[in-house]
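Participant: next one to model:
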Amino acid sequence: MRAHHEAPLIPEGVEPADLDRVARNELKTLSKENADGVALHLVMAARLIEEDPALAHLHAISAARRAGRIGVVRETLAITAYAVGDFALALRELRTHRRITGSNDQLPMMVDSERGMGRPDKALELGRSVPRSSLAVPVQVELAIAMSGARLDLEQLDAALTELQIPQLDPNTAFSYSPALFDAYATVLEELGRDDEAEVWFERSTRASQVLDNAEHGDDGDMIEIVEEDLPEEYLSVDELAAAGFDAAEAPAATDDAESGVDGSSTADTADTTDCSDTAEDTNR
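Facilitator: I've put the predicted structure just below:
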């Protein structure tokens with residue numbers, strides 16, 4: 001038997017059509033009435049995830065109880081569980097989402113969920129279970145950040161830095177993932193006592209955020225072109241880098257003219273997600 005769950009109210013003005021078209025398409029296997037009800041809860045979960053994650057989680061639970069076999073529903077439940085700190089539920093739901101969809105796009109959150117459960121070794125093992133080159137570039141960056149965090153959990157500071165030394169750690173370009181990557185790199189440099197270098201990378205993160213914000217609001221003064229990025233070569237894990245003789249403490253080279261941070265030679269690349277739970281049964285299919 002499932003525990004009683006009171007579905008939260010949907011505010012006036014919220015419509016099923018407000019749901020992202022791709023997510024809406026996943027609900028086509030449901031009856032129209034049920035699909036519309038699930039869509040409303042997914043819309044609310046997305047709107048509330050930042051300001052009220054607990055309420056967003058209740059909406060995600062409601063959606064999962066009505067459509068537990070839909071990938072985007074299980075993904076949404078996982079994301080809201082992660083947001084409220086229920087890492088065990090998040091990991092379970094992300095695994096279910098991966099079984100349903102075959103997608104590894106949420107692998108970084110799975111790694112972070114293992115970390116949240118106090119299992120950094122398992123987090124690293126999970127992160128190494130999928131070839132990096134098979135992931136979209138933004139997902140590769142998120143995974144590098146999560147793997148670096150797991151190394152920090154284990155107090156492997158040099159290895160944590162090496163995890164972040166990927167082709168996207170480029171101070172001359174600004175993609176949607178650049179600020180988070182630069183911040184993560186600066187944080188590890190701080191942990192290593194390299195404060196001057198850390199300050200430079202924090203400044204680069206700020207500059208990248210400004211460039212991206214300008215692009216989003218139509219001010220392209222610092223933006224030259226929008227590029228689709230492909231990895232020039234397969235990303236190597238920290239263990240592979242060590243085996244190849246890479247110095248984990250060596251920071252990637254940056255040219256003098258890049259020292260001021262992002263100079264506007266590139267732009268934004270976006271990545272979004274949403275997810276959901278295991279024992280729920282679809283209703284009104």
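Participant: what's around the residue nearest to Pro108 when sequence neighbours are not counted, how many residues?
Facilitator: In this structure, Pro108 finds its nearest non-sequential neighbour in Glu142, 3.7 Å apart by CB to CB, 6 or more residues apart in numbering. Bear in mind the C-beta positions are built from the backbone N, C-alpha and C, glycine included. Burial measure for Glu142: 24 neighbouring residues, criterion other CB atoms under 10 Å.
Participant: and what of Asn104?
Facilitator: Asn104: 17 neighbours (other CB under 10 Å).
Participant: double-check that it belongs to a strand.
Facilitator: No - applying DSSP: H, G, I helix; E, B strand; the rest coil, one finds Asn104 to be coil, outside a strand.
Participant: can you pull the pLDDT of it?
Facilitator: On pLDDT, Asn104 comes in at 97.
Participant: one more: His217?
Facilitator: Listed pLDDT for His217 reads 73.
Participant: same thing with Gly261?
Facilitator: So, for Gly261, pLDDT stands at 36.
Participant: what's the single longest helix in this structure?
Facilitator: Longest helix in the chain by number of residues (criterion: DSSP state H): helix 195-216.
Participant: if you count neighbours, what's buried in that helix?
Facilitator: For helix 195-216, the neighbour count (16 or more other CB atoms under 10 Å) marks 197-198, 200-205, 207-212, 214-215 as buried.
Participant: what about the helices in the stretch 101-250 of the chain?
Facilitator: 107-116, 120-127, 137-153, 157-163, 178-191, 195-216, 238-243 (DSSP state H, counting those that start in this stretch).
Participant: want to throw the ones you listed into TSV with distance to Glu6?
Facilitator: Below are those laid out as TSV (distance: least, CB to CB, whole Å):
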stretch	distance to Glu6
helix 107-116	26
helix 120-127	35
helix 137-153	34
helix 157-163	43
helix 178-191	36
helix 195-216	38
helix 238-243	47
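Participant: by mean pLDDT, show me the worst of these.
Facilitator: Among the helices of the stretch 101-250 of the chain, helix 238-243 has the lowest mean pLDDT, at a mean of 48.
Participant: Glu190 and Asn25: what is the separation?
Facilitator: According to CB to CB, to the nearest Å, Glu190 stands 44 Å off from Asn25.
Participant: who has more neighbours, the two?
Facilitator: Glu190 (15 against 11).
Participant: OK, contacts around that one?
Facilitator: Neighbour list for Glu190: Ala198 [criterion: CB atoms under 8 Å, 6 or more residues apart in numbering].
Participant: ok, now Leu42?
Facilitator: Leu42 touches 19, 23, 59-60, 63, 72-73, 76, 274, counting by CB under 8 Å, 6+ apart.
Participant: distance of it relative to Phe175?
Facilitator: 27 Å.
Participant: now swap in Val211 and tell me
Facilitator: Separation of Val211 from Phe175 (CB to CB) stands at 10 Å.
Participant: try Gln168
Facilitator: Gln168 is 7 Å from Phe175, by CB to CB.
Participant: with Lys28 instead?
Facilitator: The value you get for Lys28 to Phe175, if CB to CB is used, is 33 Å.
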